[in-house]
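Asker: got a sequence here, can you build the structure:
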Amino acid sequence: MIKTFIDKLLGKTSGRSKPKFGRREEIGAAVHGIDASLVDERAIQVCRTLKDAGYEAYVVGGAVRDLLLGLRPKDFDVATNATPEQVKSLFRRAFIIGRRFRIVHVVFGRGREHEVIEVSTFRAYLDNTAVEAVAGNERTSKAELAGMKHAVDASGRVLRDNVWGPQEEDAVRRDFTINAMYYDPQTQVVVDYHKGLHDARNCVLRMIGDPAARYREDPVRIIRAVRFAAKLSALGFTLETKTARALAPALPLLADVPQSRLFDEMLKLLQTGHALASVEQLRKLGLSRGIYPLLDLVVERADTPFVRAALADTDRRVTEGKPVAPSFLLACVLWSDVREGWQQRLARREHAHPALLGAIDEVFDARIGDVSGRGKLGADMREIWTMQPRFEKRSGSAPYGLVEQPRFRAAFDFMRLRADVGEIDEVLADWWQEFSQADDATRDDLLQQLKAEQRKAPRVHRVAASGGAGVAATTTAREPARNAVPDENADAAAPTGEASDAPKKRRRRRRKPAGAGGAAGSDGAAADVPPREPTPPQAT
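Answerer: This next block holds a predicted model:
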């Protein structure tokens, strides 16, 4: 108290209290109970190499948290007092990355089997009022930050932080107490400065320092808090009161975060195996709107059968160790928009395929915008959507061509979800599942069986209207659809039937003399004339 008073008299205060660096505690294996077999051998190797060179090295962050909870960490990060250049010099395949925070990626293996161990240098704590201030935000140019090691903007957001310091200061720079512990895999000692082990055992998510100030330093911590709360909710973890209370007031800070970074954080929320829990946490914490427009839409539609099934399927695949793609989940979330726009265009008597493409373009312009990875992301989503009508074409060579498409599996999974929620007939999904897994002989049998069933279907006789050619036309009834479109769209949907707006050339090919193989649209007889795209199902 006396020292504080003297500091104020001498003008040594900056208006902010000195951070509590915490007291170092070294916890042995008998107390923390970490199973050493769960530690990745490559992380052990990185720590060993650094220590052999005379540096400190620890497994740090979420990996230590998961090890304490008896979980197998997905990623392993290492913290050391060696600078990035010193770390890079010790490993054959090591790369310095990042501008805001310079770190080193040590790469093991090659191709898809490669593994990256991320190595960061202990960072010093610096009072934001004592560092270089920049009139900008996270979009501040590289040139403006050139030469700066530690810079913040007017709101206190950290724009660059490459000032190295001791471990105790590095610990206070981390976000949650349970993420600020260090594990030495050689001695099996856990180093704890902020009672992280205590909070882990009491299932508490607590922000180090003042939560409001920490959210200002990096607003993305708002999303990280939600993600950790969702991930650990099944284990009984809850956000500490002060940490949770400061979340909603800090939402406006996200306005200055680049959209690409918010997009990436949204994907982490939805694709790490806790999508449904994340939606629940967003609603519980009052954050269901305001983080990112697409995320707002996910939360809004999470209770609809199709989107909920997609979120649950994503969680299941992650749990089973299967890959997931953002294009699939976002295609599910936006499918109702595409379907509605498609139906509206068909109602205006547009042709089916151009109508679908136009509806997709509208959805991209309205919902996706210009985000990181839209090129590949958008291409995959378009393929998933445009392949849906093709599943209704089960004649001729069409099924063989469809199963060879690179995105067939994603499009089929999408169609299977539609069947699961009753949007289309499950018989169609079952048929394609069997066809896609069968050999060529079995596929031929499936097509012949389908052809026979279509021939046995009742035939509908229509007589041309007066003033026409006066020739009776016979068409084969097509398979009934569970959700047929209104009659006014029939001419845009069916490749056979009464006169429509279809091109004259197509009408002439359909009017074949008796014995010439039947209607062009049935059983794929007129293979040189591809059938028109079927119409979308009605909204359920």
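
Asker: counting neighbours, what do you get for Pro389?
Answerer: 19 (other CB atoms under 10 Å). Bear in mind the C-beta positions are built from the backbone N, C-alpha and C, glycine included.

Asker: quick check: it touching His351?
Answerer: No - using CB atoms under 8 Å as the test, Pro389 is too far from His351 to be in contact (11.9 Å).

Asker: check which element follows the helix or strand in which Lys88 is found along the chain.
Answerer: In the assignment (DSSP states H and E), Lys88 maps to helix 84-90. Heading C-terminal from helix 84-90, the first helix or strand you meet, by DSSP H and E, is strand 94-97.

Asker: now do that next one: which elements does it pack against?
Answerer: Strand 94-97 sits against helix 84-90, strand 103-108, with contacts defined as 3 or more CB pairs under 8 Å, 6 or more residues apart in numbering; DSSP states H and E.

Asker: so what touches stretch 383-390?
Answerer: Outside stretch 383-390, the residues that touch it by CB atoms under 8 Å, 6 or more residues apart in numbering are 327-328, 331, 335, 338, 352-353, 356-357, 360, 398, 402, 405-408, 410-411, 414-415, 418, 533-536.

Asker: quick check, central residue of the protein?
Answerer: The structure's the chain has its C-alpha centroid closest to Leu267; by CA atoms, centre = their mean the separation is 3.2 Å.

Asker: ok so, going back, of the contacts of stretch 383-390, which belong to helices?
Answerer: 327-328, 331, 335, 338, 352-353, 356-357, 360, 398, 402, 408, 410-411, 414-415, 418 (DSSP state H).

Asker: which among those residues end up buried?
Answerer: 327-328, 331, 335, 338, 352, 356, 360, 398, 402, 408, 410-411, 414-415, 418 (16 or more other CB atoms under 10 Å).

Asker: which one among those gets closest to Arg283?
Answerer: Nearest to Arg283, judged by CB to CB, of these is Trp335 at 22.2 Å.

Asker: how far off centre is stretch 184-193?
Answerer: Put simply, stretch 184-193 sits 34 Å off its chain's centre (CA atoms, centre = their mean, to the nearest Å).

Asker: in that stretch, what's buried?
Answerer: Asp184, Pro185, Val189, Val190, Val191, Asp192, Tyr193.

Asker: now the residues you listed in a markdown table, with pLDDT and distance to Arg24?
Answerer: A markdown table is the format used below for these (pLDDT from 0 to 100; distance: CB to CB, whole Å):
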| residue | pLDDT | distance to Arg24 |
| --- | --- | --- |
| Asp184 | 97 | 13 |
| Pro185 | 95 | 19 |
| Val189 | 97 | 11 |
| Val190 | 97 | 11 |
| Val191 | 97 | 6 |
| Asp192 | 96 | 8 |
| Tyr193 | 96 | 6 |
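
Asker: out of the residues you listed, what pair is the most spread apart?
Answerer: Pairwise over the buried residues of stretch 184-193, using CB to CB, the maximum falls at Pro185 and Tyr193, 19.0 Å.

Asker: between the buried ones among the ones in helices among the contacts of stretch 383-390, which is nearest Arg455?
Answerer: Arg455 has its nearest neighbour among these in Ala398, at 18.2 Å by CB to CB.

Asker: how close does that closest one get to Thr442?
Answerer: Separation of Ala398 from Thr442 (CB to CB, to the nearest Å) stands at 17 Å.
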